[in-house]
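>>> Sequence isn't available, so here's the structure alone:
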Ligand SMILES: [Zn+2]
């Protein structure tokens, strides 16, 4: 075998070993464009997309694949801020990546920045509810008011720098977090509407 092909083989093997945090398909989806390029948003109106949107995501190990994780974060930021999408939040499954990452627009902070949250977990929900009009980038032409969202949540997550943080979030931004973190468990906001109808 020529040295060049041997080198190629070794680097491919090494790559698949190092990248085992992501599936091959996921690596392709993240790598098939520049960091500034929006990713394709998965839609429930498309059968294969809707099957993926109903799956559970797995946590990240931030010590591995850090370049790929950084790129995914940048591309998710580009996607949610894309003029074709324009959301206030997005979760990794919505771009076909079954990993625990969400982007939330912090409307409660100065300049309303979009921020990246890794392995987010809601530890506690307030009893007080916050009725909220919701829509979803993955569910075209549907908006409705959910009635069962908590007004306050207590959240734990990791940052892209690997810091573990705890935070209390209120009001509309709390609902954005609940909506996006639901996506990591295969739950969509229309499920909350069904629950409300069945509860009546
Ligand atoms: Zn959504």
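Structure's in. What do you need? On a predicted model such as this, the values are computed, not experimentally measured, just so you know.
>>> ok, now which ones touch the most centrally placed residue in the chain?
Among the residues of the chain, the one closest to the centroid is residue 91, at 1.7 Å (CA atoms, centre = their mean). By CB atoms under 8 Å, 6 or more residues apart in numbering, the residues touching residue 91 are 57, 101, 102, 103, 180, 181, 183, 184. For every residue, glycine as well, the C-beta is placed using N, CA and C.
>>> if we go to 6 Å?
102, 180, 183, 184 (CB atoms under 6 Å, 6 or more residues apart in numbering).
>>> Looking at those residues, which are in helices?
Taking DSSP state H as the definition of helices, the contacts of residue 91 contribute 180, 183.
>>> returning to what we had before: can you tell me the closest non-neighbouring residue to the residue nearest to the centre of the chain?
residue 183 (3.4 Å; CB to CB, 6 or more residues apart in numbering).
>>> So the one you found versus residue 163, what's the distance?
23 Å (CB to CB, to the nearest Å).
>>> Same question for residue 78.
From residue 78 to residue 163 the distance is 23 Å (CB to CB).
>>> Comparing these two, which residue is more hemmed in?
Shown here are residue 78 and residue 163; by other CB atoms under 10 Å, residue 78 has more neighbours (19 against 10).
>>> did I read that right, the more buried one in a helix?
Yes - counting by DSSP: H, G, I helix; E, B strand; the rest coil, residue 78 falls inside a helix.
>>> So that it lines up with my notes, have the first residue be 20 from now on.
I'll keep to 20 as the first residue from here, and by that count the last item is residue 97.
>>> What residues does it make contact with?
So residue 97 contacts 55, 57 (CB under 6 Å, 6+ apart).
>>> And the one 10 residues further on, by the same measure?
By CB under 6 Å, 6+ apart, residue 107 lies in contact with 124, 195.
>>> do that again at 10 Å, thanks
For residue 107, the contacting residues are 99, 122-126, 131, 133, 154, 156, 191-192, 194-195, 198-199, by CB atoms under 10 Å, 6 or more residues apart in numbering.
>>> Now which of those would you call buried?
Neighbour counting by 16 or more other CB atoms under 10 Å classes 99, 122, 123, 124, 125, 133, 156, 192, 194, 195, 198, 199 among the contacts of residue 107 as buried.
>>> In strands, which of those residues appear?
122, 123, 124, 133 (DSSP state E).
>>> Can you mark which positions in stretch 67-83 are buried?
68, 71, 72, 76, 79, 81.
>>> which ones among those residues are found in helices?
Reading helices off the buried residues of stretch 67-83 with DSSP H, I get 68, 71, 72.
>>> Now do the same contact list for the last one.
Same thing as residue 72. So residue 72 contacts 61-63, 65, 110, 112-113, 115, 117, 155, 157-158, 202, 205-207 (CB under 10 Å, 6+ apart).
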